[in-house]
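Asker: Here is my input, please return the structure:
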Amino acid sequence: MDQITFHYDTVLSDVHMLLPNARHLMTHLNHVGQPVFITKFKILSDPERNDDSESKKDGEKDRNVFQGKDGEEGGNGNLEPFLDEDGDLNITHRPRKTPTEGSSRDMACPIILKQSSTELELEDENTKEEADECFKDIIRIEHTMATPLEDVGKQVWRGAFLLADFILSEPVMFRGATVLELGAGTGLTSIVMATVAKTVYCTDVGDDLLSMSKRNVTLNRHMMEPAGGEVRVRQLDWLKNDLCTDADVDFSWTEEEVADIYDNTSFIIAADVCYDDDLTDGLFRTLYRLCSNFTHTCTIFISLEKRMNFTLRHMDISCEAYDHFSQCLSQIQDLVDGRCSFSVEKLPCNFAQFFLYERIEHLELWKVTATPLPSVQIRSDAELRPS
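Answerer: Numbering: from 1, shown residues only. Here you go, the predicted model:
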């Protein structure tokens, strides 16, 4: 295989580097020459989540333990640490534990299966392995790694896991609902949502990305079919003012689906999509255009990771993308146009963790509630809703 070159604008999700329970299986190259992988993500059972919590607690306890002069352990500040002959602190490291048989904490090992220029054949790939491992608690996601900024939707990000955790923690809230995901990327969160919701519209832009999302939906039918959920992959560009209903265009909308969106959407979700100011503006314009034409209250959940960077302009650590997102939240909350009102609330992220990833403190979940004003008759939006 040709050597992969990393450019200055290449970005790589921490999920792919730090995930402890994934097997990254390279299957083929996509249309733009990027290696495509399939990774298996396990939804943790109650005992596994408890074991993971206990292991974290044990790890924190071990880091606070000093070894005394006689070799005993203790957390007492009166015990003196070991010093070497030069007087330097001699730290005893815990031995690495080898994964036990049947453990869910296997090491992540990229495995190259094959390289080809053809589309992935879903029914033929790893047939025997799928028969053994394709259980109800395994989600398989096709994705790329180390992409340019414009292709980050082809990667899996921590914000998607945070939102998926929230969905699985509140199944009653979403049960039987019609849900619209904006900037769905690989479709992971839409797939998780379809395990409880009735209809999920998984939307993004770009035929290559949408094709990937559709393949992921097909790969995970076993997750959605028992609950009766359905995922429909459709194109929705925040920078455009219309929904394409041309039947000759891939991933276009039917008029019935457009009507369904406006009449029945109870929730709109978006995961880790606010990394560019222009796209963030487009996101909030789209939210406004949609919600101001609903005749019912709609709840919006936005997850994101607050990414800190050192900038020469400020000569300090800053997070300009997050600052712009916060400004957009304030503007939509203060918006007064006689059509609908928006309320904004930051939710605590102390709900259960169903996936293995690092839930860092910079992960946030926001709730925006859009309520139509009863004194105004909602008119059709010609920009988004075709006549």
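Asker: What part of this protein, helix or strand, is modelled with the least confidence?
Answerer: Sorting the helices and strands of the chain by mean pLDDT, DSSP states H and E puts strand 66-67 at the bottom, at a mean of 38.
Asker: those strands in the stretch 251-387 of the chain, which residues are they?
Answerer: Using DSSP state E, counting those that start in this stretch, the strands found in the stretch 251-387 of the chain span residues 265-271, 298-305, 309-311, 316-318, 340-347, 363-372.
Asker: pLDDT on the third one, on average?
Answerer: Same thing as strand 309-311. Strand 309-311 carries an average pLDDT of 62.
Asker: what's the answer for the first one, then?
Answerer: Along strand 265-271, the predicted confidence averages to a pLDDT of 98.
Asker: which strands and helices sit next to it?
Answerer: With contacts taken as 3 or more C-beta pairs under 8 Å, 6 or more residues apart in numbering; DSSP states H and E, strand 265-271 sits against helix 158-169, strand 178-181, helix 188-193, helix 277-291, strand 298-305. Placement of C-beta: from N, CA and C, glycine included.
Asker: Give the pairing partners of the second one; include direction for each.
Answerer: Strand pairing for strand 178-181, determined by DSSP bridges: strand 199-204 (parallel), strand 265-271 (parallel).
Asker: Give me the residues contacting that strand.
Answerer: With C-beta atoms under 8 Å, 6 or more residues apart in numbering as the test, strand 178-181 has contacts from 189-190, 193, 197-203, 260-261, 264-271, 290.
Asker: Could you rerun that using 6 Å?
Answerer: If you take C-beta atoms under 6 Å, 6 or more residues apart in numbering as the criterion, strand 178-181 is touched by 190, 193, 197, 199-202, 264-269.
Asker: Tell me, how many residues neighbour K136?
Answerer: Neighbour count of K136, defined by other C-beta atoms under 10 Å: 10.
Asker: any idea how far N220 is from it?
Answerer: Distance of K136 to N220, computed by C-beta to C-beta, to the nearest Å: 10 Å.
Asker: do the same with Y288
Answerer: For Y288, the distance to N220 equals 32 Å [C-beta to C-beta].
Asker: In terms of neighbours, single out the busier of those two.
Answerer: Counted by other C-beta under 10 Å, Y288 and N220 do not tie: N220 has more neighbours, with 23 against 19.
Asker: so who does the more buried one touch?
Answerer: With contacts defined as C-beta under 6 Å, 6+ apart, N220 is in contact with 139, 191.
Asker: Quick check: pLDDT value at it.
Answerer: Per-residue confidence (pLDDT) for N220: 96.
Asker: Same question for L239.
Answerer: Listed pLDDT for L239 reads 88.
Asker: Over to T147?
Answerer: 88.
Asker: Identify the bridge partners of it.
Answerer: Applying DSSP bridges to T147 yields these beta-bridge partners: V11.
Asker: That one: how many residues sit nearby?
Answerer: Residue neighbour count, defined by other C-beta under 10 Å, stands at 19 for T147.
Asker: what does D263 give?
Answerer: 11.
Asker: out of everything not next to it in sequence, what's closest to it?
Answerer: T295 (7.7 Å; C-beta to C-beta, 6 or more residues apart in numbering).
Asker: Return the distance of that neighbour relative to A177.
Answerer: To A177, T295 is 16 Å away according to C-beta to C-beta.
Asker: Likewise for T254?
Answerer: Per C-beta to C-beta, T254 is found 20 Å from A177.
Asker: in which helix or strand would I find T218?
Answerer: Assigned by DSSP states H and E, T218 falls within helix 207-219.
Asker: Extract the CA atoms of that helix and return them as CSV.
Answerer: As requested, the backbone C-alpha atoms of helix 207-219 are provided in CSV (Å, rounded to 0.1, in the frame of the first residue of the first chain):
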residue,chain,number,x,y,z
ASP,A,207,-22.5,11.9,-1.7
ASP,A,208,-19.4,10.1,-0.4
LEU,A,209,-20.2,10.8,3.2
LEU,A,210,-23.9,10.1,2.8
SER,A,211,-23.1,6.8,1.1
MET,A,212,-20.9,5.9,4.1
SER,A,213,-23.7,6.7,6.5
LYS,A,214,-26.1,4.6,4.5
ARG,A,215,-23.7,1.6,4.6
ASN,A,216,-23.4,2.0,8.3
VAL,A,217,-27.2,2.0,8.7
THR,A,218,-27.2,-1.3,6.7
LEU,A,219,-24.5,-2.7,8.8
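Asker: residues of that helix that come out buried?
Answerer: Neighbour counts using 16 or more other C-beta atoms under 10 Å place 209-217, 219 of helix 207-219 among the buried residues.
Asker: Pull the residues that contact it.
Answerer: With C-beta under 6 Å, 6+ apart, helix 207-219 has contacts from 31, 122, 140-142, 153-154, 186-187, 202, 231, 233, 250-251.
Asker: Mind checking which of the residues you listed are buried?
Answerer: In the contacts of helix 207-219, burial by neighbour count holds for 140-142, 153-154, 186-187, 202, 231, 233, 251, counting by 16+ other C-beta under 10 Å.
Asker: can these go into a markdown table with extra columns for secondary structure and distance to T27?
Answerer: What follows is the buried ones among the contacts of helix 207-219, written out as a markdown table (DSSP: H, G, I helix; E, B strand; the rest coil; distance: C-beta to C-beta, whole Å):
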| residue | secondary structure | distance to T27 |
| --- | --- | --- |
| R140 | strand | 11 |
| I141 | strand | 12 |
| E142 | strand | 7 |
| G153 | helix | 19 |
| K154 | helix | 14 |
| T186 | coil | 14 |
| G187 | coil | 17 |
| C202 | strand | 21 |
| V231 | strand | 21 |
| V233 | strand | 19 |
| F251 | coil | 22 |
